[in-house]
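need a structure here:
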Amino acid sequence: MKFFEIPMRNFSQLVRIRQKLDENVRLVSFLDEFQRQENIWMKILWKDVDIQQLINDVDAFLERFRQFPMQSQTNRRGQEIDQILQDFRSNLSILIELKNESIRERHWKQLIDENMFDHRLMTLENLFQLHFHRDEDKIRSKDDSDSFV
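Down below sits the predicted model:
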């Protein structure tokens, strides 16, 4: 007798399949939760952003991901999720610099003018769309001679 073309005496294969399926369901559910939270974060007005709280929240997601079994973290889907979390987290360190009061007023003016943003309505999503991570060195330097974007 066969069940899904697997002889019934080889039930261990079904157990492994079920475990892998459950593992993927947990990973997809975790990613879905992160993406829902990310959508909420992206709607926050830049002037209202609490960078430290945002970092703490993302770090909590990273910590929860690290609690998944190593097999889950290292499979293809787990590696994709890890990359998504790491990329988001690395962009937050640049936001710290952008939130810094020593950022030159002209840098912000240039950012707003070139991208046609109303600074009063600028959200995290608007900032991420600028791909500011490409100019991380310029942002960190805060040198008057550097162009911001």
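
And the helices in this protein, which stretches?
In the chain, the segments counted as helices under DSSP state H are 11-42, 51-66, 70-74, 76-99, 105-115, 124-129, 136-141.

Glu5: which of those helices is closest?
helix 11-42 (10.3 Å; Cβ to Cβ). In this view, the C-beta of every residue, glycine as well, is placed from N, C-alpha and C.

Highest mean neighbour count out of the helices of the chain?
helix 124-129 (a mean of 17; mean count of other Cβ atoms under 10 Å).

Does anything pack onto that helix? Which helices or strands?
Contacts defined by 3 or more Cβ pairs under 8 Å, 6 or more residues apart in numbering; DSSP states H and E place helix 124-129 against helix 11-42, helix 76-99.

Now do it, average pLDDT.
Taken as a whole, helix 124-129 carries a mean pLDDT of 84.

Show me what it is in contact with.
41-44, 46, 49, 91, 95, 98, 115, 117 (Cβ atoms under 8 Å, 6 or more residues apart in numbering).

Could you export those residues as a markdown table, including distance to Asp32 and pLDDT?
Listed next are the contacts of helix 124-129 as a markdown table, based on distance: Cβ to Cβ, whole Å; pLDDT from 0 to 100:
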| residue | distance to Asp32 | pLDDT |
| --- | --- | --- |
| Trp41 | 15 | 97 |
| Met42 | 16 | 95 |
| Lys43 | 18 | 96 |
| Ile44 | 20 | 95 |
| Trp46 | 26 | 86 |
| Val49 | 24 | 91 |
| Asn91 | 20 | 87 |
| Leu95 | 24 | 81 |
| Leu98 | 29 | 75 |
| Asn115 | 30 | 66 |
| Phe117 | 30 | 66 |
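
Noted, bye for now.
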